[in-house]
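*Asks:* Following is a predicted model, sequence given first.
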Amino acid sequence: MTDRPRTDPDQPAGQRRTPSWLREAAVGLTERVSKRGMTLTVEVAESFLTEQNRSASPKLGIDERNSRQYLDDDTLDELADELVSTFADEAPGSNLFDLPRTAHVSVANLGRLIAGLAEAIQFFGTFQEIDAADRRARIHEIAQLLSVAGLVQSDHTIGPVAAPSAMFARIARTLTTVADLTDNHDLAAALRRDAMRARSGSNS
């Protein structure tokens with residue numbers, strides 16, 4: 001693999017170009033994750049691998065350019081296993097609405113989780129540290145969660161709301177991610193509390 005930037009005649013001038021080594025590794029990771037039943041966009045895989053490469057280089061005592069050689073097939077297999085294992089509780093690849101509703105949460109707490117997801121969409125709409133493709137993917141995922149949560153709530157009649165535990169696991173991960181990224185301390189604290197509520201629901 002070379003470090004020559006990828007060229008695309010349809011890409012607007014001045015837009016960030018992806019190095020060929022990173023695009024090839026991201027495609028490989030996306031394919032591996034897909035075979036394990038989880039969906040990952042190439043753009044998100046690029047961001048993930050960039051962070052992995054950046055964090056690994058000081059541990060190896062080499063610069064980022066030289067650490068790229070360690071992104072071989074075995075490493076991509078390990079990263080795919082790690083990603084899927086991390087999100088196993090989220091039932092990757094499954095339609096949340098069709099999963100058994102074995103977890104329970106109060107109407108009030110579900111309302112807070114829905115509000116937290118709305119805050120997450122607003123956050124990623126203006127977050128400058130990601131590119132447009134990553135932004136679209138994140139907002140789309142959160143919007144889907146909002147839709148499922150709303151449909152689940154609409155089926156509620158009396159008592160705690162029954163929902164798929166994977167829905168709460170995905171909500172908890174989403175809210176925690178925003179809490180980690182935002183520099184608004186009050187928002188971060190509120191989202192962490194809501195993430196704890198979501199985890200409590202997924203374990204109920």
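*Replies:* Structure's in. What do you need?

*Asks:* Enumerate every residue touching the residue nearest to Ala172 when sequence neighbours are not counted.
*Replies:* Take Ala172 and drop its neighbours on the chain: the residue closest to it by CB to CB, 6 or more residues apart in numbering is Ala198, 3.8 Å away. (C-beta placed from N, C-alpha, C; glycine too.) For Ala198, the contact set (CB atoms under 8 Å, 6 or more residues apart in numbering) comprises Leu113, Phe168, Ala169, Ile171, Ala172, Leu175.

*Asks:* hmm, try it at 10 Å
*Replies:* Residues in contact with Ala198 (CB atoms under 10 Å, 6 or more residues apart in numbering) are 103, 105, 109-110, 112-113, 116-117, 167-176.

*Asks:* Equivalent analysis for Leu29, please.
*Replies:* By CB under 10 Å, 6+ apart, Leu29 lies in contact with 40, 42, 44-46, 48-49, 52, 71, 75-77, 79-80, 83.

*Asks:* hmm, 7 Å instead?
*Replies:* By CB atoms under 7 Å, 6 or more residues apart in numbering, the contact set of Leu29 is Ala45, Leu49, Leu76, Leu79, Ala80.

*Asks:* Would you mind confirming that the third one is in contact with Arg32?
*Replies:* Looking back up the chat, that one is Leu76. Yes: contact criterion CB atoms under 7 Å: Leu76 and Arg32 qualify, at 5.9 Å.

*Asks:* Kindly export the lengthiest helix in the chain (C-alpha atoms) in CSV.
*Replies:* Secondary structure of the chain read by DSSP state H shows that its longest helix is helix 132-154. What follows is helix 132-154, C-alpha atoms only, in CSV (Å, rounded to 0.1, in the frame of the first residue of the first chain):
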residue,chain,number,x,y,z
ALA,A,132,-19.7,15.2,6.9
ALA,A,133,-20.1,11.5,6.2
ASP,A,134,-19.4,10.6,9.9
ARG,A,135,-21.9,13.3,10.9
ARG,A,136,-24.6,11.9,8.7
ALA,A,137,-24.0,8.3,9.9
ARG,A,138,-24.2,9.3,13.6
ILE,A,139,-27.3,11.4,13.2
HIS,A,140,-29.0,8.7,11.2
GLU,A,141,-28.3,6.1,13.8
ILE,A,142,-29.5,8.3,16.6
ALA,A,143,-32.7,9.2,14.7
GLN,A,144,-33.4,5.5,14.2
LEU,A,145,-33.1,5.0,18.0
LEU,A,146,-35.4,7.9,18.6
SER,A,147,-38.0,6.4,16.2
VAL,A,148,-37.8,3.0,17.9
ALA,A,149,-38.1,4.5,21.4
GLY,A,150,-41.1,6.5,20.3
LEU,A,151,-42.8,3.5,18.8
VAL,A,152,-42.1,1.4,21.9
GLN,A,153,-43.6,4.2,24.1
SER,A,154,-46.6,4.4,21.8
